[in-house]
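Q: Predicted coordinates and the sequence they were generated for:
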Amino acid sequence: MSGAARGALWTLVALAAFFAADSLLFRTTWYARHLSPDSSAGALEYQLQWLQRAPASTAPEVLVIGDSRIAEGFSAPTADAAIHRRLHFWNFGTGGTTPRVWYYTLRAADPTRRRFAAIVIALDKYPDRDWFAEFEDRKTDQSYLVMQLGLGDCLNFASSMTAMTSRLHSLFACVFRGVALRPDVQDFLANPEARLEHAADSLHNGLRYIDDYAGKPESLRGLTADWPSRTLHFPADVAEPIRANVTQFVLPEEVPNTGAMARYRQRWLGGILDLYKDSPTKIIFVQLPRGPLVNPQTPNGPGFVDSASKLPRVTVLPADTFTDLERPELFADGLHLNREGRPIFSQRLAQNVDEILAGGSR
Amino acid sequence: MWTKSSPEAAANMLFTTPEFCLFLAAVLALFYALPEPARKYLLLAASLYFYIAWIPRYVVILLLLITIDYLAALWIESRQGPPRRAALVVSLCANLGLLGYFKYANFARETFLSLFHPAAHFEPLAIILPLGISFHTFQSMSYVIDVYRKKQPAIRNYIDYALFVSFFPQLVAGPIVRAEEFFADYFHWRPPTAAEWQQGVSMMLTGYIKKLVFADQFSLVSDRYFANPAALPGLFPAWTASLAFGLQIFFDFSGYTDIAIGVALLFGFHFPENFRRPYLSATITEFWHRWHITLSHWLRDYVYISLGGNRKGAWRTRLNLMLTMLLGGLWHGASWNFVIWGGYHGLLLSVERIVWGRNERTGIARLPLAILTFLLVTIGWVFFRAKTLTAALYVIAQMFTGETQNHSLLSPWQWLLAIVSLTIALAEEHRHWLTRLARAPFWIRTTAAVAALLVIELFTATDLSIPFVYFQF
């Protein structure tokens, strides 16, 4: 064997040893239980651990999954109470998550596909219109999923990105988890004692903190819009960052519709339906209250839910189910329901789900 | 600085990207799979692809200069008298002309306008600096001059010469490899031994740690401060930000060259050393023997000696030193800050010769001198880093007369990194343990490699892809 061949072999051995060290650190359960509860990976991981550690519910369970609009706008205890605990809801709303993250989250949350009577998937809007660029190449998705992506997922996950750079980064970070966990590890090492304490507290009490959360106190009561001139009139007490947020989402810039969102939803929402195709679990799609004000000229269009609604065990709630909640006084900013809107939406969603499940064989 | 690297260049094929790792693995695998005669074609194709990945259109400039210098050298070798000189002049004009246009056109226009039409508004030309032009033009010029000086035979095969100029590990930021060094390996190529391969990998890992863990960490401080020094007034912010930049540029540039040297070694090429722990220098002269060594040698051989070197008396030697350093400063960038930085070092070198002659200091006597040298170099970096001369003068003023109520900009972690790097430099200076590591027993070097990979994985300073500082030159 030549010197170069021996050198190359040594390089491969060193890389294999590095992979083993990375796996020992991050593919065992210890680090997953000590992630920062404030990190993206931690947010998702603790939800899964609370779910796994929860005592068996006597009522059928319903998992509501979505982004921050669910995290802020939905209260599981309020929903449970609204239907006299005939169902038990789980809030799996995580800020910044998208259907790709939901797919892997559900796969981990419900490995047998038998645990839940229903999965409620909360969409910002039904039509598959693009609303921001680089949806498919979001690096943050990996930050959420780092502990959930197995080696067998790496190629599939990386290939779901479109840019070569994103694909390669994803592949690296999927194989070597430390790459994606770097900020979390650095934060851990900066103050290990505080992290251990925070992680233990979150594991034992985090779900209670979420259940006790009342919602954002801010209100946009008094907000009005002049749609022809694309002008918003804010009440005086609305802070500048919130004004900017509201303007961004209530008066969005038109993004050319490339079909990227349609392809994306087809892949990942379709993937969720595939996960549950042999399961008794019902899949319920919900269009969330879209914002404090909604331009009446907002274009509609076809959406993934149109075809999904034809499938057995899939229910698509009518798009106008919650449009009466699209009122400034129920919103804290351009996206999120506030302390006043949260219980109303939670009760109404629970009643809708209860009716759907009661109509079927709960 | 009016010329700049393309923003698109920042993203592709940086040594620190997964794209480069994939590219390198593929080229290495193909290189050793192909029969030996085909390998040079592979390396040339890979090098051009590497360059095209940055800004495709500029490959035309690279190939044009390669062709001109290749033909000029053949012409010089085959002729006598004035035609030889004419070919040399054509080659130098082509190299310096293109370098001058891309790097100095806006600087010259701005200077001209400020001198003769001070009221006129200066609108810079939209010129994007071709990546690595400062390096490959110097490399090409040294070859043609060496052929002219009959120190180097002209290369007959165009592919051979094109590969010498464009070989991807050193194409964009050096080290500036001489033809005799490159072709000594090229014409008597042998595969690297296992120890050389391991040394190459060790150098790459060292380079990645220098860049991603150290340089990018210190850049967080220096970039913040030098974006607007007036926002952080005071003596300590000025000193610590300048110190941060001094550490950043060292780790950044020496990290790049470590990777370049390591990559070249995997292909069986031995690049010259470019940095030898410069901040341990006890004099400015020693600093320039340890900092960007290949540029220092280039300037010595093709500028300083051409000007007469030290053969024409003490004052002429000092003048030659000053002129060489001014040119060296200007090579780094098109602004008066770089000229002043070069002049500052030229002045220090001249003063040093007057005060100390060429006496070498050894032992503990080096310590105060090393500290003084480090402080003098750190002051010089202010001109190198500040955006404008006004900003540089402001920072210098803060370093000496600033208020003392504001604190250091370096975090405890960054201080720790600085101390760790000093400790490693001292250990390496006296023990050469990094060099010896490649020859250590299997389990030691494998453990060291895994530890280095974990450090890169977990302690990289930022998720942002920060281009190497010297790419702008």
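A: It's in.
Q: did I read that right, B:Leu426 in a strand?
A: No. Using DSSP: H, G, I helix; E, B strand; the rest coil, the assignment for B:Leu426 is helix, not a strand.
Q: wait, what's in contact with the residue in chain A that chain B sits nearest to?
A: Of all residues in chain A, A:Gly7 sits closest to chain B, at 2.4 Å by Cβ to the nearest Cβ. Bear in mind the C-beta positions are built from the backbone N, C-alpha and C, glycine included. Residues in contact with A:Gly7 (Cβ atoms under 8 Å, 6 or more residues apart in numbering or on different chains) are B:Pro192, B:Thr193, B:Ala194, B:Glu196, B:Trp197, B:Gln198, B:Gly200, B:Val201, B:Leu266.
Q: and the gap between B:His430 and B:Leu367?
A: 14 Å (Cβ to Cβ, to the nearest Å).
Q: brain fart, B:Phe236
A: Using Cβ to Cβ, B:Phe236 is found at 23 Å from B:Leu367.
Q: between the two, who's got more neighbours?
A: B:Phe236 (19 against 11; other Cβ atoms under 10 Å in any protein chain shown).
Q: immediately after the longest helix along chain B, which helix or strand?
A: Selection of the longest helix in chain B by residue count, based on DSSP state H, yields helix B:235-266. Sequence-wise, the next helix or strand downstream of helix B:235-266 (DSSP states H and E) is helix B:284-290.
Q: helices and strands around that next one, which ones?
A: helix B:336-356, helix B:366-385 (3 or more Cβ pairs under 8 Å, 6 or more residues apart in numbering or on different chains; DSSP states H and E).
Q: Residue numbers of the stretch 151-300 of chain B in contact with chain A?
A: B:Pro191, B:Pro192, B:Thr193, B:Ala194, B:Ala195, B:Glu196, B:Trp197, B:Gln198, B:Gly200, B:Val201, B:Leu266, B:Gly268 (Cβ under 8 Å from any Cβ of the partner chain).
Q: Just the buried subset of those, please.
A: Neighbour counting by 16 or more other Cβ atoms under 10 Å in any protein chain shown classes B:Pro191, B:Pro192, B:Ala194, B:Glu196, B:Trp197, B:Gln198, B:Gly200, B:Val201, B:Leu266, B:Gly268 among these as buried.
Q: quick one: what helix or strand has the second one in it?
A: Following DSSP H and E, one finds B:Pro192 outside all helices and strands.
Q: do the fifth one as well
A: Secondary structure from DSSP H and E places B:Trp197 in helix B:194-208.
Q: by contact count, what packs against the helix or strand just after that helix?
A: For helix B:194-208, the following helix or strand on the C-terminal side (DSSP H and E) is helix B:216-227. If contacts are counted by 3+ Cβ pairs under 8 Å, 6+ apart, helix B:216-227 sits against helix B:235-266, helix B:412-431.
Q: Most tightly packed of those helices?
A: Of all the helices and strands packed on helix B:216-227, helix B:235-266 carries the top mean neighbour count, a mean of 25, counting by mean count of other Cβ atoms under 10 Å in any protein chain shown.
Q: Just give the number of residues close to the closest residue to B:His270 other than its chain neighbours.
A: Setting aside the residues directly before and after it, B:His270 is nearest to B:Asp185 in space (Cβ to Cβ, 6 or more residues apart in numbering or on different chains), at 5.8 Å. By the criterion of other Cβ under 10 Å, B:Asp185 has 16 neighbours.
Q: what's the answer for A:Gly215, then?
A: Counted with other Cβ under 10 Å, A:Gly215 comes out at 21.
Q: Test my guess that it contacts A:Ser75.
A: Yes. Counting by Cβ atoms under 8 Å, A:Gly215 does reach A:Ser75; the two are 7.5 Å apart.
Q: Check what pLDDT B:Phe271 gets.
A: Note on B:Phe271: pLDDT of 94.
Q: and if you look at B:Glu123?
A: Here, the pLDDT recorded for B:Glu123 equals 76.
Q: Same question for A:Arg243.
A: 92.
Q: and what of B:Ser5?
A: For B:Ser5, the predicted pLDDT is 43.
Q: Tell me where chain A has strands.
A: Using DSSP state E, the strands found in chain A span residues A:61-66, A:88-93, A:116-123, A:224-226, A:231-233, A:282-287, A:314-316.
Q: Direction included, what does the fourth one pair up with?
A: For strand A:224-226, the paired strands and their directions (DSSP bridges) read strand A:231-233 (antiparallel).
Q: Tell me, how many residues neighbour residue 342?
A: No chain in the question, so chain A it is. Neighbour tally, A:Arg342, other Cβ under 10 Å: 22.
Q: please go with chain B instead
A: B:Gly342 has 25 nearby residues by other Cβ under 10 Å.
Q: Check which residues of stretch B:453-460 are buried.
A: For stretch B:453-460, burial by neighbour count (16+ other Cβ under 10 Å) applies to B:Leu453, B:Leu454, B:Ile456, B:Glu457, B:Leu458, B:Phe459, B:Thr460.
Q: Equivalent analysis for stretch B:175-191, please.
A: For stretch B:175-191, the neighbour count (16+ other Cβ under 10 Å) marks B:Pro175, B:Ile176, B:Val177, B:Arg178, B:Ala179, B:Glu181, B:Phe182, B:Phe183, B:Asp185, B:Tyr186, B:Pro191 as buried.
Q: Let me have those in TSV, extended by secondary structure, pLDDT and distance to A:Arg327.
A: Conversion of the buried residues of stretch B:175-191 to TSV gives the following (DSSP: H, G, I helix; E, B strand; the rest coil; pLDDT from 0 to 100; distance: Cβ to Cβ, whole Å):
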residue	secondary structure	pLDDT	distance to A:Arg327
B:Pro175	coil	91	67
B:Ile176	coil	91	69
B:Val177	coil	93	70
B:Arg178	coil	93	75
B:Ala179	helix	93	77
B:Glu181	helix	93	75
B:Phe182	helix	94	73
B:Phe183	helix	94	78
B:Asp185	helix	93	75
B:Tyr186	helix	93	76
B:Pro191	coil	92	74
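Q: Looking at these, which is nearest chain A?
A: Using Cβ to the nearest Cβ, the buried residues of stretch B:175-191 come closest to chain A at B:Pro191, 4.4 Å.
Q: Identify the residue nearest the closest one in space, chain neighbours excluded?
A: Nearest one to B:Pro191, counting by Cβ to Cβ, 6+ apart, is A:Ala4 at 4.4 Å.
Q: So, low pLDDT: which residues of chain A?
A: Applying pLDDT under 70 to chain A picks out residues A:1, A:132-134, A:360-362.
Q: now with 50?
A: Scanning chain A for pLDDT under 50 picks out A:361-362.
Q: Tell me the residues of it that contact chain B?
A: A:2-8, A:10-11, A:13-15, A:17-18, A:21-22, A:164-165, A:168-169, A:171-172, A:176, A:178-179, A:181-183, A:185-186, A:190.
Q: Out of the residues you listed, which end up buried?
A: Neighbour counting with 16+ other Cβ under 10 Å marks A:3-4, A:7-8, A:10-11, A:14, A:17-18, A:21-22, A:165, A:168-169, A:171-172, A:176, A:178-179, A:181-183, A:185 as buried within the residues of chain A next to chain B.
Q: looking at chain B, which residue lies furthest from center?
A: The C-alpha centroid of chain B is most remote from B:Ala119, which lies 37.3 Å away (Cα atoms, centre = their mean).
Q: so how far is the helix holding B:Trp197 from its chain's centroid?
A: Counting by Cα atoms, centre = their mean, to the nearest Å, helix B:194-208 is centred 19 Å from the centre of its parent chain.
Q: which strands and helices sit next to that helix?
A: The contact analysis (3+ Cβ pairs under 8 Å, 6+ apart) places helix B:194-208 against helix A:3-26, helix B:235-266, helix B:433-437, helix B:442-459.
Q: In a markdown table: those helices, plus distance to B:His136.
A: Formatted as a markdown table, those follow (distance: least, Cβ to Cβ, whole Å):
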| stretch | distance to B:His136 |
| --- | --- |
| helix A:3-26 | 27 |
| helix B:235-266 | 13 |
| helix B:433-437 | 29 |
| helix B:442-459 | 29 |
